[in-house]
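A.B. asks: Structure here, sequence nowhere to be found:
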């Protein structure tokens, strides 16, 4: 790939089809038990006193959307 600014090494652009990448991930037997696509609630302790938000799927909005869609 030609650039307008000189570089020490040639620039190489790699492209992958994102749908094929996702398909490969979902078909992997190593990952099948580790991919979660549903909403969940994570708490700091078993007493469930403090909720922890780590990802979008652990938030309030996705849980509300899941209830509304069903």
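C.D. replies: Yep, that arrived. Predicted model, so just to flag it, every value in this text is computed and none were measured.

A.B. asks: How many residues are close by residue 59?
C.D. replies: 16 (other C-beta atoms under 10 Å). Any C-beta I mention is one placed from the backbone N, CA and C, and that applies to glycine too.

A.B. asks: Same check on residue 62?
C.D. replies: 15.

A.B. asks: does it sit in a helix or strand, and which one?
C.D. replies: Of the helices and strands defined by DSSP states H and E, residue 62 is found in helix 60-69.

A.B. asks: before we move on, what about residue 54?
C.D. replies: Residue-wise, residue 54 maps onto no helix or strand under DSSP H and E.

A.B. asks: what's the distance between it and residue 29?
C.D. replies: Residue 54 sits 26 Å away from residue 29, taking C-beta to C-beta, to the nearest Å as the criterion.

A.B. asks: who's in contact with residue 63?
C.D. replies: 39, 41 (C-beta atoms under 8 Å, 6 or more residues apart in numbering).

A.B. asks: Can you tell me what sits against stretch 27-44?
C.D. replies: 25-26, 49-54, 57-58, 62-63, 66.

A.B. asks: Next, format the residues you listed as TSV and append distance to residue 17 and pLDDT.
C.D. replies: Converted to TSV, the contacts of stretch 27-44 look like this (distance: C-beta to C-beta, whole Å; pLDDT from 0 to 100):
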residue	distance to residue 17	pLDDT
25	13	91
26	14	90
49	45	90
50	42	91
51	38	90
52	35	91
53	32	90
54	29	87
57	25	84
58	29	83
62	27	78
63	32	70
66	29	62
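
A.B. asks: Mark which of the residues you listed are buried, thanks.
C.D. replies: residue 57 (16 or more other C-beta atoms under 10 Å).

A.B. asks: Distance to residue 2 for the contacts of stretch 27-44 - can I get that in TSV?
C.D. replies: As requested, those are exported to TSV (distance: C-beta to C-beta, whole Å):
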residue	distance to residue 2
25	33
26	37
49	59
50	54
51	52
52	48
53	45
54	42
57	42
58	45
62	44
63	49
66	48
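
A.B. asks: how far does stretch 48-62 sit from the chain's center?
C.D. replies: Stretch 48-62 sits 15 Å away from the centroid of its parent chain (C-alpha atoms, centre = their mean, to the nearest Å).
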